[in-house]
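Predicted model and sequence follow; I will ask about them next.
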Amino acid sequence: MIKGGRSLISSAPVFSNDAKKLLVCTGNNVSIFSTSTGLQITELEGHTALVTSVIVVPTFTPASQILCYCWTSSLDGTVRYWDFSLPELMKTVDIRMPIFSMVIPRLLTQGTEIDGKPSNLFAYLSVENAKVRHDQRKVHRQILKCNLTKSRLATGVVLAQTQLPESITISSSGKFFGIPNKRKLHVWEVVAPDHEAAPIKRITLHHTKNLTVFAFHPTERIVAAGDVTGRILIWRNFGSRTFSLGGLTDRRAMNNEDERPGVRGDDDADSCATWHWHSAEVKVLSFSSDGAFLYSVCRIPFNNYFLGGGKEGVLVVWQLDLGKKKFLPRIGSPLLYFTTSLDPSLSSVSCADNLIHLLKMPSMEIFKSISGIKLPCSFPGIYEGLCSRFIFDQTAGLVAFRTENYRIQFYSLFDDRENFEVQIFERNHQPSDDVTVLVTLMALSPDGSMMSTAETKLPEEGLGGLVCLKFWTSGPQSKGFSLSTIIYEPHRDAGISAIAFHPTRHMAVSSSFGGDFKIWARSHEFQQREQMLENPGWTCHAVGSYKKKPMTAAAFSGDGSVLAIAAETVITIWDPEKNVLVAVIGETLELLKNIITTFGTVGIFVGFTHPHPITMLSFIGNSECLVSASRGLKSQLSLWSLSKLSVSWSYKLQAEAVASAMDVSYFAVLALLPQSSKCTELTETKRDGREGVILLFKAGEPIPVATWSVKKANGGGLAFVHVNSVSFKGNVLDGKSPPALLAYINGDHEYVLFNPYNLEVHEPSMVVRENRVGMEDETGRFGYASIYGELPEFDVKRNQIELAPLLPSEKPWETIFSGSSHNLPPITKLCSAFLESLLEKRTASITV
């Protein structure tokens, strides 16, 4: 099993003592990258929930900089001590409460002994302390003290209680730490030597607006804080009375506002200055290592942007003495963290698009970047369901994502790093710009050598909308794509609904909501060899339509001899070479449903035909089976037999994605769980945050071969990926590699690669249910109902009715629809029988 795609920006990264490594929180692990190459070196594995903070144990002599120890905290309620040079877990402290932030002041001072004996090491934790009283859950966010040496919490020490989990900030000397709490800033002084019952002094600085972030000056008693309006406040000489004089204060001095400009009330500070340049809340504040500069970044909310909203990508550098500023603009993404290292020439910034830049200081030049998968981007609601979220290159093991800056990012599933990006639309996009162009669809040829994209230019004030279809060819050594052909308004003014490539030829099909589809081919496909162009473009080879119905999905068969186009609720089968309609699947069922509805017998065929337009089509390997899926209030998943031109089986499932293997007759379906279910197993699954299930089918069989419950299925995807023997070494069982790996990507763009044919592998996040467990006891049920129980709208009893023989009877209409859908008689026989049943039959009279 291979996992990847985790967020690099859930917490601030930390440099090692020699600044040669960067420790990054990535989900439940800590990934360690080389600052010289930007590649991952190793990983710390052991936490079972999100890692929230990393603290590198500092060294105070040049010879000891080779030591690599760190402490980590996590939402799993543990604090762990590591040697990250090996890597090896050294110690675990379990406090049984989720930890959101942690600081260890004693690590920042050289003295660690009292009277020649090692002193206890204490950490201050921001936790969520849940207490259950009278069946009511009350959650308290607290700042607690923990004895790491004795692996226990300090008894009765609660420094503060807050409404939300707050991040703890500590000074570089380790003498002060604090938290923002609404309009207050709490600062504590750490006494030396520290012990469990040591008194901890605190001051509170007040402001008129909610504070969002703050930072301590490295050498002086100066603290800077940012608020929700974009202002930065600088308190100088804070705590000089409370901390220095043992709590004795001069009330006359404190109440004299003329001697303390900008200080509110009785706050313990000599002065407070206000700087205002940012237009929204300040989210990043950090002093330079010498304290001469202050770095700040704000975030501008815009259209519910991911990670809470942020559109400004400007780093502001303030000169502390003069208040002057300079900028590092156009980074291209909102900034979340600014991290300095012990090397004054090296820093890093973490960006909201899952990217970490390493900077040369003080010029702030970007010399290396560490890129993860770009996070999901937001689009106008009317286009959300019409856009492809990502596509797979099954041969090379790549996945491609749309990005906010009109690009497509190609990411290696085996190497867990970015391969390259393709600029789809030439525009100097900035995060604060409005979205004017949408990349609505993407498609790759099976061998990964060709790509097609569909763009929609949004109209401005109702004017100027444009649809564009582009074809791309792969570059040298499969690095990047170059634009080959641009086709404006390929389907007149209608939007493009689907794009699919021929498996063996330079041919593609695009379907539209306007009621037609077009087959495109490269120019040399139908030219003689001596007439081949040097740079052949794409031209229209054929045009087709069916009853002017919107064409909603398209797919080629495994050998390319058959083209399937969905015309709303029916499937049309075409010969792509001759552009001839071969057959129509599902039309008989649709006509019968309309007839029954007209005469008052509603819903008999709901389980056997799509009640909503088909949105997905996929041929199953080299078999004669075709799977279709529709989405809506009555979502449907159906498997069709092309030899019989009828449905083999059908489930009421909301399929999020369908993937089929190229060389074997297996296909997988990612389905969302129903909102309400009587099945206890499903209920427990949803409590764990798992909202979907992967079903593995063999072509022609209605019962899944295996199932897996997964998290964050909404917005996810599936694909069978060819095994890369180099990248997959060490994961092959019994010296045999599987024919293909199944890749699952969730809605947050985290992914896992696993062998779907090995049913004995059990993982906490992907639990495999054994094949046919308990299915023999489920008489009269099949498929989804046999595994998960009854869906609210799914009538299992209907499937228990015996097949009705096609024999004439007095009232054939009453029994003619009792059989299976693929055994129904032709429409001519049904219509005549139905009309005869409505007529009154006369009895013959004989006179003697």
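Perfect, I can see it now. Numbering: from 1, shown residues only.

okay, CA-based contacts and neighbour counts for the rest of this
Will do.

can you give me the helices for the chain?
Per DSSP state H, the chain carries helices over the ranges 251-255, 381-384, 587-598, 680-687, 784-788, 827-838.

and these, which one is worst for confidence?
Looking over the helices of the chain, mean pLDDT reaches its minimum on helix 680-687, with a mean of 43.

residue ranges with poor pLDDT in the stretch 251-400 of the chain?
Residues of the stretch 251-400 of the chain that meet the criterion pLDDT under 70 lie in 251-258, 299-313, 328-332, 377-387.

And the strands in it?
Assigned by DSSP state E, counting those that start in this stretch, the stretch 251-400 of the chain shows strands spanning 271-276, 282-287, 293-298, 315-319, 325-328, 335-340, 346-351, 355-360, 365-371, 390-393, 398-402.

Those strands: which one's closest to Val543?
Ranking the strands of the stretch 251-400 of the chain by proximity to Val543 (CA to CA) places strand 390-393 first, at 25.6 Å.

contacts for the closest one?
398-402, 442-448, 717, 719, 721 (CA atoms under 8 Å, 6 or more residues apart in numbering).

May I see the ChimeraX selection of the buried members of these?
The buried subset of the contacts of strand 390-393, as determined by 16 or more other CA atoms under 10 Å, is captured in ChimeraX by this line:
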select :398,399,400,401,402,442,443,444,445,446,448,717,719,721
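
Looking at the contacts of strand 390-393, which is nearest Leu835?
Gly717 (47.7 Å).

In this structure that closest one contacts Asn746, no?
Yes: counting by CA atoms under 8 Å, Gly717 touches Asn746, with 6.6 Å between them.

Please name the residues that touch the nearest residue to Trp275 once chain neighbours are set aside.
Excluding the flanking residues, the one nearest Trp275 by CA to CA, 6 or more residues apart in numbering is Ile232, at 5.1 Å. Contact analysis of Ile232 by CA under 8 Å, 6+ apart lists 224-226, 274-276, 282.

Ranking by neighbours, what's the top pick from the residues you listed?
Counting neighbours by other CA atoms under 10 Å, the top entry in the contacts of Ile232 is Gly226, with 30 neighbours.

So in terms of bridging, what pairs with it?
As for beta bridges, Gly226 partners with Val213, Ile232 under DSSP bridges.

repeat for Ser618
Applying DSSP bridges to Ser618 gives these bridge partners: Val627.

Count residues in the vicinity of it, would you?
22.

quick one: the residue nearest to Trp275 from Phe293, how far?
Ile232 sits 13 Å away from Phe293, going by CA to CA, to the nearest Å.

With distance to Ser412 added, can I get the strands of the stretch 251-400 of the chain in TSV?
Shown next, in TSV, are those (distance: least, CA to CA, whole Å):
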stretch	distance to Ser412
strand 271-276	43
strand 282-287	31
strand 293-298	32
strand 315-319	31
strand 325-328	31
strand 335-340	25
strand 346-351	21
strand 355-360	16
strand 365-371	12
strand 390-393	10
strand 398-402	5
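
Who are the contact partners of Pro611?
By CA under 8 Å, 6+ apart, the contact set of Pro611 is 569, 630, 634-636.

which among those residues end up buried?
Neighbour counting with 16+ other CA under 10 Å marks 569, 630, 635-636 as buried within these.

quick check, nearest of these to Trp520?
Thr569 (24.5 Å).

Distance check, that closest one against Pro739.
Distance from Thr569 to Pro739, counting by CA to CA: 34 Å.

now Leu211
Separation of Leu211 from Pro739 (CA to CA): 56 Å.

Who has more neighbours out of the two?
Using other CA under 10 Å, the more surrounded residue of Leu211 and Pro739 is Leu211, with 27 against 16.

quick one: the more buried one and Pro218, what's the gap?
Distance, Leu211 to Pro218, by CA to CA: 21 Å.

Please apply the same query to Val582.
77 Å.

The two: who's more crowded?
Neighbour count, other CA under 10 Å: between Val582 and Pro218, Pro218 has more, with 19 against 12.

mind listing what the closest residue to that one other than its chain neighbours touches?
Leaving out its chain neighbours, the residue that sits closest to Pro218 by CA to CA, 6+ apart is Ser172, at 5.4 Å. Going by CA under 8 Å, 6+ apart, Ser172 touches 108, 216-219.

picking up where we left off before, generate CSV for the contacts of Ile232, with distance to Glu88 as supplementary columns.
Below are the contacts of Ile232 laid out as CSV (distance: CA to CA, whole Å):
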residue, distance to Glu88
Ala224, 38
Ala225, 38
Gly226, 39
Thr274, 47
Trp275, 46
His276, 47
Val282, 38
